[in-house]
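Asker: Any chance you could fold what I've pasted below:
(3 chains)
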Amino acid sequence: MPELPEVEATRLSFADRIAGAKVLSLHLGKSLRWPLGCATASLLGRNVQAVRRRGKYLLIDLDQGLLLLHLGMSGSLMFSSELAAPGKHDHFEMVTTHGTLRLNDPRRFGAVVYAASEEAPAARKLLDRLGMEPLSDDFSLVRFRAGLKRRKAAIKQVLLAGDVVVGVGNIYASETLFLAGIRPTLSAAKLTRPRVERLHAAIRDVLARALAGGGSTLRNFSSAAGEKGHFQLEAMVYAREGQPCRVCGTTIRCLRQGQRSTFYCAHCQKT
DNA sequence: AAAAGCCCCTGGATGC
DNA sequence: TGCATCCAGGGGCTTT
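Answerer: I've put the predicted structure just below:
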């Protein structure tokens, strides 16, 4: 479910409401990807100061230390003062004076990790490798181009890896490459300047539009306030194998790159 | 340093 | 209806 727009929409849906809250209890059930990294009791009484995002990680700042939270493939958050009883896949719960934050994650690829600070090893291990934020000013054309220049791997996989630019998941990787008219298998280093320009614009455009639409995706999504997104952007290629390209009618193809599906139009994305 | 594979886990869809 | 197989929006870790 969550690529950058969904993670950001999730953040926006509860950041203001939880800010200033005091932690009353904290519970990590069936283990997620890693252990929390501290005793839950040690977090009681701390205050939530803000919720930030870095890549697909949510950073919950406490007055001392922070929680890093990742939704993985199937995670979603709810924040409310009136939640129903926890279900089978609710693996993390933090009760605060402003409401209860709960992580539901069937596949358990998600994570909740405590770090004493953003410079602590527990945080750096996860954050250090992350590339530029696509919706921020530091995602400049010049830096994007420089980042791609030193990568010989296929552009689709470089986008997905997240060390040049973060937040582009498997759906948006296919979609942005279609919009930019670039073949997913092309080496990142070999992209011509105009192609890099088009890709740069496509990434910003698609992610910004998805976010503006309430952070919904091409599939299901609801924010931590339980609101569905209203993203009406239709997939041009994703999951459309065998169907006609919406632009030229050519049959959309699917290929495997690094154990993930890639969809593209061989006519609109010639090289 | 970079790239390629592997793996974590559950559920839904599909096919026999 | 039951069972096996395949696939899924992520990403850290280990091996080349």
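Asker: tell me the pLDDT at residue A:232?
Answerer: pLDDT recorded at residue A:232 is 49.
Asker: other SSEs contacting the strand or helix carrying residue A:203?
Answerer: Of the helices and strands defined by DSSP states H and E, residue A:203 is found in helix A:193-212. Judged by 3 or more C-beta pairs under 8 Å, 6 or more residues apart in numbering; DSSP states H and E, the packing partners of helix A:193-212 are helix A:4-18, helix A:141-149, helix A:170-180. (Glycine included, C-beta is placed from N, CA and C.)
Asker: what's near enough to touch residue A:153?
Answerer: Residue A:153 makes contact with A:161, A:187-188, according to C-beta atoms under 8 Å, 6 or more residues apart in numbering.
Asker: now the residues you listed: which count as buried?
Answerer: A:161, A:188 (16 or more other C-beta atoms under 10 Å).
Asker: Out of the contacts of residue A:153, which is nearest to residue A:144?
Answerer: Proximity of the contacts of residue A:153 to residue A:144, judged by C-beta to C-beta, is greatest for residue A:188, which lies at 10.3 Å.
Asker: Let's verify residue A:263: helix, strand, or coil?
Answerer: Recorded secondary structure, residue A:263: strand (DSSP: H, G, I helix; E, B strand; the rest coil).
Asker: Next one: it relative to DNA strand C, how far apart?
Answerer: 9 Å (C-beta to the nearest atom of the strand, to the nearest Å).
Asker: How about residue A:19?
Answerer: Residue A:19 is 24 Å from DNA strand C, where distance means C-beta to the nearest atom of the strand.
Asker: Is the helix holding residue A:203 positioned near DNA strand C?
Answerer: No. Contact between helix A:193-212 and DNA strand C, assessed by C-beta under 7 Å from any atom of the strand, is absent, since the two come no nearer than 10.1 Å.
Asker: List the buried residues in that helix.
Answerer: For helix A:193-212, burial by neighbour count (16+ other C-beta under 10 Å) applies to A:195-196, A:198-200, A:202-203, A:206-207, A:210-211.
Asker: show me what contacts the nearest residue to residue A:86 once chain neighbours are set aside?
Answerer: Leaving aside its chain neighbours, residue A:86 sits nearest to residue A:93 (6.5 Å; criterion: C-beta to C-beta, 6 or more residues apart in numbering). Shown in contact with residue A:93 (C-beta under 8 Å, 6+ apart): A:25-27, A:29, A:86, A:100-103.
Asker: 7 Å instead?
Answerer: By C-beta atoms under 7 Å, 6 or more residues apart in numbering, the contact list for residue A:93 reads A:27, A:86, A:100, A:102.
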